[in-house]
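[1] Have a look; sequence and predicted model below, questions after that.
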Amino acid sequence: MSDHVHVRLGGGVGVNEHGELVEQFHCRCGETWTRTYRVEDGEPEM
Ligand SMILES: [Zn+2]
């Protein structure tokens, strides 16, 4: 397997039981992963 930059192909977006936004990605090489976003009311305080 050669090194390459994983290409994040969007696989879908859903909401889990915790009310968080879950985005799924996959790469041509077979790598898959997910990212979870917390959906909060209002804007985040920096
Ligand atoms: Zn890859």
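    Now that the structure is in, tell me what you want to look at. Keep in mind that what you see is a predicted model, and the values were worked out from it rather than measured. Numbering: from 1, shown residues only.

[2] Geometrically speaking, which residue is the centre of this protein?
    R35 (2.9 Å; C-alpha atoms, centre = their mean).

[3] where's it, which helix or strand?
    Assigned by DSSP states H and E, R35 belongs to strand 32-37.

[4] what do you get for G30?
    Assigned by DSSP H and E, G30 belongs to neither a helix nor a strand.

[5] hmm, back to that, right, and the residue nearest to the centre of the chain touches E20 too?
    No. With contact defined as C-beta atoms under 8 Å, R35 does not count as touching E20 (10.1 Å). For the C-beta atoms, the positions are set from N, CA and C on the backbone; glycine is no exception.

[6] gap between the nearest residue to V7 once chain neighbours are set aside and V5?
    In this structure, V7 finds its nearest non-sequential neighbour in C27, 5.2 Å apart by C-beta to C-beta, 6 or more residues apart in numbering. For C27, the distance to V5 equals 9 Å [C-beta to C-beta, to the nearest Å].

[7] Comparing those two, which residue is more hemmed in?
    C27 (14 against 6; other C-beta atoms under 10 Å).
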